[in-house]
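Asks: sequence unknown, structure follows:
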């Protein structure tokens, strides 16, 4: 029985793999034609005003065709300058997780299944027409028995297996790419895909989103200018989120907010303070603070929604921000460099002098700015680029932090052009520095250092003895001999067969794609594509799973 499910999974993987491969092969064929000055052969749908659409834009459009998993993957890549170029990052930032809503009757059935009974048993009112949708779920309005307005976010049918399938294919692809191109290990693409898989699974679990919202609610329970909607955990499941309904104006236009009776400057200040409290006081912050997730309410209060993506910071991460802020204020490259190395857990770095010189050069470029006019998030992003040039690995949460700070700085500036993120961060940074160098903290650090030295002195003789023993007994030279026996010849013969078969099926697939792009739509072209794609995926699957030919 379990074998049937396994076969079904591999069948879905093959079908999905064919679609992904066909989509990407079309992209690479257009690239090849463009690079080899064969633009006349490129169909008009890939051109604009007679010119081929730029490669990053075409890649973004192909990603959108591949569905929500790849769209989310592209969005996260857009915040990773250590993996993709700046030009591609700017294009990937345009990716939108939107989709046509599924049938309302289907969604209502799913809601009742998650609730464990008819909707009327839990709600006095329910609007059967969805008023918002995204790639993973869609949202409905309702009213609890006590009259409280709420929203119900229900997961799309069968979306979780589809996402899991795409993630498994991404893992398979990246693992094979790293085997073929070992240089990719420098950017740890496999680790990034695994991390992305964890993020997607967390976003698919609405109970985790509800837990994030509850945590934020507790953090700002006594903050008048912040509103976190209440989550009704008794009705929330893995696929259904029931949350207090909040409304208001989005902080997109200062003039519109003024006409509605709000003070844009106060709104900008309140919104910035909320996120700085998250970061510096709690080390836990909302990871997607764009204007669509913020509502402005009476009293210039800022309400937040969508808590599926949240970032967590270690004390070392917050200390880095403090050192960075103090270093900018004092124009001290050494302070910033110390913070950067602490962030990467590099106590002894041989390139420290060169790194400090690069940071000093960065400070000189912003020498004409006063502290309250410095573009804080821009300087932070440039520091990250410097670290990448020195091949220093950053914690992934730092990229999410930089994105959050940049978004908040942009939203705040649109409402108040005189607001200064650096000035608002400074008090938090000073408090962190005071805590770090408080007598109690310094005494504790000295005590831990002394413990390390005592352990080093105590264990040193045994460690030296063990190293000498292993050096004496171990062999440092390894011989490798390839014999021309039957097994070796059979292996080389199998490799030759695989290469020939791969070349043949790949050529057939490429020819069928050319027919589909330029030729008239016929069943012959479709059959040829399906036949060649199936056998290409079959060969690849045998290679991936090391099945003998």
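Replies: Perfect, I can see it now. No experiment lies behind these values; they were computed from the predicted model shown.

Asks: which residues touch stretch 89-104?
Replies: Outside stretch 89-104, the residues that touch it by Cβ atoms under 8 Å, 6 or more residues apart in numbering are 56-57, 59-60, 63-64, 68, 71-72, 74-75, 77-81, 84, 107, 128-130, 133-136, 138, 156-157. C-betas here are computed from N, CA, C, even on glycine.

Asks: what comes up buried for it?
Replies: Using 16 or more other Cβ atoms under 10 Å as the test for burial, stretch 89-104 gives 89, 91-92, 95, 99, 101-102.

Asks: in helices, which of the contacts of stretch 89-104 fall?
Replies: 56-57, 59-60, 63-64, 68, 71-72, 74-75, 77, 107 (DSSP state H).

Asks: got these as JSON lines, with distance to residue 422 columns?
Replies: What follows is those, written out as JSON lines (distance: Cβ to Cβ, whole Å):
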{"residue": "56", "distance to residue 422": "32"}
{"residue": "57", "distance to residue 422": "34"}
{"residue": "59", "distance to residue 422": "35"}
{"residue": "60", "distance to residue 422": "33"}
{"residue": "63", "distance to residue 422": "35"}
{"residue": "64", "distance to residue 422": "37"}
{"residue": "68", "distance to residue 422": "37"}
{"residue": "71", "distance to residue 422": "34"}
{"residue": "72", "distance to residue 422": "32"}
{"residue": "74", "distance to residue 422": "31"}
{"residue": "75", "distance to residue 422": "27"}
{"residue": "77", "distance to residue 422": "28"}
{"residue": "107", "distance to residue 422": "46"}
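
Asks: could those be laid out in a markdown table, adding neighbour count?
Replies: Converted to a markdown table, these look like this (neighbours: other Cβ atoms under 10 Å):
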| residue | neighbour count |
| --- | --- |
| 56 | 17 |
| 57 | 13 |
| 59 | 18 |
| 60 | 20 |
| 63 | 23 |
| 64 | 17 |
| 68 | 21 |
| 71 | 21 |
| 72 | 22 |
| 74 | 23 |
| 75 | 18 |
| 77 | 19 |
| 107 | 23 |
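
Asks: any idea of the pLDDT on residue 397?
Replies: We have a pLDDT of 79 for residue 397.

Asks: surely it touches residue 312?
Replies: Yes. Because the distance of 6.2 Å satisfies Cβ atoms under 8 Å, residue 397 is recorded as touching residue 312.

Asks: neighbour count winner among those two?
Replies: residue 397 (16 against 13; other Cβ atoms under 10 Å).

Asks: element containing that one, please.
Replies: For residue 397, the enclosing helix or strand under DSSP states H and E is helix 396-415.

Asks: any idea which helix or strand comes after that helix?
Replies: From helix 396-415, the next helix or strand downstream (DSSP H and E) is helix 421-436.

Asks: and that next one, what does it pack onto?
Replies: Using 3 or more Cβ pairs under 8 Å, 6 or more residues apart in numbering; DSSP states H and E as the contact test, the elements touching helix 421-436 are helix 264-276, helix 315-330, helix 376-389, helix 396-415.

Asks: and the shortest one with helix 315-330, angle?
Replies: Spelled out, it's helix 264-276. If you take axes from the mean of the first three to the mean of the last three Cα atoms, to 10 degrees, helix 264-276 sits at 140 degrees to helix 315-330.

Asks: same thing with the last one?
Replies: Here helix 396-415 runs at 50 degrees with respect to helix 315-330, directions being taken by the same axes, to 10 degrees.

Asks: what's helix 396-415 packed up against?
Replies: Partner elements for helix 396-415 (3+ Cβ pairs under 8 Å, 6+ apart): helix 254-259, helix 264-276, strand 284-286, strand 310-312, helix 315-330, helix 376-389, helix 421-436.
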